[in-house]
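K.L.:
Pasted the sequence and its predicted model underneath.
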Amino acid sequence: MNILVTGAGGMVGSHMAEHLNAIGYGIVIGTYYKPTVDLKEIDSSVKMIECDVRYPVSVEKVIGTYLPGQIYHLAAQSYPTVSWDRPFETMDININGTIAVFEAVKKARDKIPGYDPMVVVACSSAEYGQTLNELEGDEVYVKETAELKPLHPYGVSKVGQDLLALQYYMNDRIKCIRARIFNSTGTRKMNDVTSDFTRRAVEAEAAHHYILKVGNLSTRRAIMDQRDLVRALILLAEKGRPGDVYNISSETVYQMSDIVSMIEKQIGVPFTIEVDPGLMRPTDERVIVGDVTKLKQATGWRQEIKMEQTIQDMLDYWRKRNHGSCG
């Protein structure tokens, strides 16, 4: 079976393509456009094709040529802050790109009526938006039945992807899974707290100057390793109910001071902590955790990668990157 991963030039997509390739599911095709990861880091046995999902002809060519049995649609403009500056682009990539994938499946079916892939669409916890602010308690566990009230163009675009996938299932019987993804991290991740902390720690280690600049260390976040996320997506493709929606979220909540302690333990040296006002937020976000009961019942998934392992792998990743940049 051929498998297609759109957005394989991103953190999750690149790891997913490599994982599927390593376990021998079949020929894995990854598409990318303006990648956020270094493509040289991706296993060369993954077939990478440049493809802008905003152009339907390009998507039709890939799907029509390879007829993938599973399609993981991860290609997206995935930054909420960017969506305020570039709302047209965000909608174009996320909504029209999703339409392009499903329409390409329909066109492939015109030629090969028995073509019946499973399309897993990477949706987002950002779809819940204001609903999360209305729920009571400091720690909020949100179910898939929660009302969708996105608070930025990115969240709106993800609601669009979500509902488009549903309507293609209802009207065209294209099998799909709508995966609402919460916070994840891992190697190749950029611009999240775990990535920033581990990168700064490795820079301090290389300089033998053990100072770590941080924001609010009392903040708590539910964060999962990208490997647990990838495994959940694959399990949903195999065992999820077509047309249905599932949260994918960490069940473990970490305090940022605990992340720093894990880094210190891995490096073996205590850091001098400096609070950088520029890293402080005016208000702290509530702890948002996705209720994954439905995911676990459907697939047997559970969170397996401990944060200590994630931290170790990210530190090693940054060390390798720094060593490479030094020749």
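P.N.:
Great, that's in hand. Numbering: from 1, shown residues only.

K.L.:
can you pull out the strands in the stretch 201-327 of the chain?
P.N.:
Assigned by DSSP state E, counting those that start in this stretch, the stretch 201-327 of the chain shows strands spanning 211-214, 220-222, 224-225, 245-248, 253-255, 272-275, 287-290.

K.L.:
As CSV, these with mean pLDDT and distance to residue 9 would be great.
P.N.:
All C-beta atoms are positioned from the backbone trio N, CA, C, and that covers glycine. Shown next, in CSV, are the strands of the stretch 201-327 of the chain (pLDDT from 0 to 100; distance: least, CB to CB, whole Å):
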stretch, mean pLDDT, distance to residue 9
strand 211-214, 91, 29
strand 220-222, 88, 26
strand 224-225, 98, 20
strand 245-248, 98, 21
strand 253-255, 91, 28
strand 272-275, 92, 34
strand 287-290, 87, 26
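
K.L.:
Return the distance of residue 203 relative to residue 310.
P.N.:
Here the criterion is CB to CB, to the nearest Å. By it, residue 203 lies 19 Å from residue 310.

K.L.:
the more surrounded of these two?
P.N.:
The neighbour comparison of residue 203 against residue 310 (other CB atoms under 10 Å) goes to residue 310, with 26 against 13.

K.L.:
what's the neighbour count on residue 209?
P.N.:
By the measure other CB under 10 Å, the count of residues near residue 209 is 10.

K.L.:
where's residue 201 relative to residue 16, distance?
P.N.:
Distance, residue 201 to residue 16, by CB to CB: 27 Å.

K.L.:
ok, and for stretch 308-319, which residues are buried?
P.N.:
Using 16 or more other CB atoms under 10 Å as the burial criterion, the residues of stretch 308-319 that qualify are 310-315, 317-318.

K.L.:
quick one, phi psi at residue 243?
P.N.:
As for residue 243, its main-chain torsions (degrees, to the nearest 10) stand at phi 90, psi -10.

K.L.:
Tell me where the chain has helices.
P.N.:
For the chain, the helices defined by DSSP state H cover 11-22, 56-66, 80-85, 87-91, 97-111, 130-134, 153-172, 193-207, 226-239, 256-267, 293-299, 307-325.

K.L.:
tell me the most buried of those helices?
P.N.:
Counting by mean count of other CB atoms under 10 Å, helix 11-22 has the highest mean neighbour count of these, with a mean of 24.

K.L.:
Give me the contacts around it.
P.N.:
For helix 11-22, the surrounding residues in contact (CB atoms under 8 Å, 6 or more residues apart in numbering) are 3, 5-8, 28, 30, 32, 36-37, 41-43, 45-46, 48, 72, 74-75, 122, 184, 186-190, 226-227, 229-230, 233-234.

K.L.:
before we move on, what about stretch 85-103?
P.N.:
Contacts for stretch 85-103 (CB under 8 Å, 6+ apart): 6, 53-56, 59-60, 63, 71, 73, 75-77, 82-83, 119, 121, 153-154, 156-158, 160-161, 164-165, 168, 172, 174.

K.L.:
now do 6 Å
P.N.:
Applying CB atoms under 6 Å, 6 or more residues apart in numbering, the contact partners of stretch 85-103 are 53-54, 56, 59, 73, 75-77, 83, 153-154, 157, 160-161, 164, 168, 174.

K.L.:
what's the span of that stretch, first residue to last?
P.N.:
End-to-end distance for stretch 85-103, by CA to CA, to the nearest Å: 29 Å.

K.L.:
where's that stretch relative to the chain centroid, distance-wise?
P.N.:
In terms of CA atoms, centre = their mean, to the nearest Å, the centre of stretch 85-103 is found 17 Å from the chain centre.

K.L.:
Ok, stretch 138-145 next?
P.N.:
19 Å.

K.L.:
Kindly report the same for stretch 75-90.
P.N.:
For stretch 75-90, the distance to the chain centre is 15 Å (CA atoms, centre = their mean).

K.L.:
Show me how the record splits this protein into domains.
P.N.:
With domains defined by automatic domain parsing, the chain comprises 3-184+225-248, 186-222+252-286+305-322.

K.L.:
mind checking which of those is nearest residue 294?
P.N.:
With CB to CB as the criterion, residue 294 lies closest to domain 3-184+225-248 of the domains of the chain, at 5.6 Å.
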